[in-house]
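Undergrad: Turn this into a structure:
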Amino acid sequence: MTEAVTKEKLVSDVKEVISDAEALIHAAGDDLRGKAGEAREKLAEKLVVARERLKQIEGVAREKVIEGARHTDRVIREHPYESIGVAFGVGLLIGILINRK
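TA: Coordinates of the predicted model:
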């Protein structure tokens, strides 16, 4: 679960950086000339590429999560009593660990 939260945070942070960079490009806009203007254009192009890659990564991650949920649902439906036993055991173990203090 922490890995999923970390990935979500990373995606959120990257989106924020892209948004901030775009705002900077638009704010600087016409004031830049020469090499600075070229650098601005390169940055704009890289931001477009980064946004597309982020969309692809997000789509792939979403597909994997959905497939994992479907697989979990299938396993639980095929083995309901074993799933209940495992859930009970994990819950009991967590309860014991929490109450140790």
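
Undergrad: What segments of the chain are helices?
TA: Assigned by DSSP state H, the helices in the chain fall at 2-28, 34-78, 80-99.

Undergrad: Can you redo the ones you listed as CSV, where the extra columns are mean pLDDT and mean neighbour count?
TA: Bear in mind the C-beta positions are built from the backbone N, C-alpha and C, glycine included. Below are those laid out as CSV (pLDDT from 0 to 100; neighbours: other Cβ atoms under 10 Å):
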stretch, mean pLDDT, mean neighbour count
helix 2-28, 71, 12
helix 34-78, 82, 11
helix 80-99, 92, 10
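
Undergrad: Give me the distance between Arg62 and Ala87.
TA: 26 Å (Cβ to Cβ, to the nearest Å).

Undergrad: now swap in Ile25 and tell me
TA: In this view, Ile25 and Ala87 are 51 Å apart by Cβ to Cβ.

Undergrad: Find the nearest non-adjacent residue to Ala21, please.
TA: Leu47 (5.5 Å; Cβ to Cβ, 6 or more residues apart in numbering).
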